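take a look and give me a structure for this.
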Amino acid sequence: MSLRFSVLASGSTGNAVYVETDQKRILIDAGLSGKKMDELFKQINRSPKELDGILVSHEHSDHIKGVGIFARKHKLPIYANEKTWQAMEPMLGQIPTEQKFIFKTGEVKSFGNLDIESFGVSHDAAEPMFFTFQHEGKKLVLATDMGYVSERIKGTIKGADMFIFESNHDMNMLRMGRYPWSVKRRILSDVGHVSNEDAALALSEVITDNTKRIYLAHLSLDNNMKDLARLSVEQVLKEQGMAVGEQFSLYDTDPHHSTPLAVVS
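This is a model prediction of the structure:
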């Protein structure tokens, strides 16, 4: 009866997360080609044919690149809020009406024995939202693509057993990097992405005794590195008095390889 998940892919080149219970199997975003998505499912020994639906967080291509082809191929329902549907529909290709569903921001939907709550985030998309997943008293949070972490979001996600949390960039790498200033300004803005340090500060306010694992996600290909993100987040959390490696552990995610299927415990 456990809640299980895998971060199939995470980063600036494409994002997808898989969540399951014994009754339901859900895909969140599909920002990679249909062929690559099939490959990622094989890595965790799961079949896309067994999915019960796709949730879409927002319309950026690194989250929806494979949504249309994947939904058509496997005849999957797609769930997104109205503004996201309006923004992404021209990019998905033809989707049969019977596969289109509305999932409002701030709504809780039950998929069998899996309760999913959506919450709005600050990002430069039509109406971006991410999700908490609850089953049998266990809670998993997926929260990326945030310019900042509001008090409202902290209240929604606090006390999760496990987090998949944005740690997009190292501030120095971004400032010294090759991006034009307009792009740097967008990333650093309130509708951009959360840095390693800001991720850690936000996490320090939402981690509780329940928390066991934190997966650092959506790392920038150009402005971050796994070791740097992990060490930066760990340092800030320890400065905040958190027992990293004892009470809870930090985990990497990858743009090309799925994390092993994990039980939310």
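
residue 178 versus residue 141, what's the distance?
The gap separating residue 141 from residue 178 is 33 Å, by CB to CB, to the nearest Å. The C-beta positions use only the backbone N, C-alpha and C, and glycine is treated the same way.

more neighbours: which of these two?
residue 141 (25 against 8; other CB atoms under 10 Å).

bridged to the more buried one, which residues?
For residue 141, the beta-bridge assignment (DSSP bridges) gives partners residue 132, residue 163.

what's the pLDDT at it?
pLDDT recorded at residue 141 is 99.

check contacts around the residue nearest to residue 86 when sequence neighbours are not counted.
Nearest residue to residue 86 in three dimensions, chain neighbours excluded: residue 126, at 6.7 Å (CB to CB, 6 or more residues apart in numbering). Taking CB atoms under 8 Å, 6 or more residues apart in numbering as the contact definition, residue 126 lies against 58, 59, 83, 84, 86, 87.

okay, buried residues for whatever helix or strand the third one lives in please.
When you say that, I think you mean residue 83. Under the criterion DSSP states H and E, the helix or strand holding residue 83 is helix 82-92. Along helix 82-92, these residues count as buried under the neighbour rule (16 or more other CB atoms under 10 Å): 83, 84, 85, 87, 88, 89, 92.

and if you look at stretch 225-232?
Counting neighbours by 16+ other CB under 10 Å, one finds that the buried residues in stretch 225-232 are 228, 229, 230, 232.

contacting residues around the longest helix anywhere in the chain?
Among all segments of the chain classified by DSSP state H, the helix with the greatest residue count is helix 226-239. With CB under 8 Å, 6+ apart as the test, helix 226-239 has contacts from 167, 170, 173, 196-197, 199-201, 203-204, 207, 214, 216, 219, 244-245, 250, 252, 254.

so how far is it from its chain's centroid?
Helix 226-239 has its C-alpha centroid displaced from the chain centroid by 19 Å (CA atoms, centre = their mean, to the nearest Å).

please render the buried residues of stretch 225-232 as a markdown table that adds distance to residue 7 and pLDDT to the earlier fields.
Rendered in a markdown table, the data for the buried residues of stretch 225-232 read as follows (distance: CB to CB, whole Å; pLDDT from 0 to 100):
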| residue | distance to residue 7 | pLDDT |
| --- | --- | --- |
| 228 | 19 | 98 |
| 229 | 14 | 98 |
| 230 | 15 | 98 |
| 232 | 19 | 98 |
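
how about the strands in the stretch 51-200 of the chain?
The residue ranges that make up the strands of the stretch 51-200 of the chain, judged by DSSP state E, counting those that start in this stretch, are 53-55, 78-80, 100-102, 108-111, 114-120, 129-135, 138-143, 162-166.
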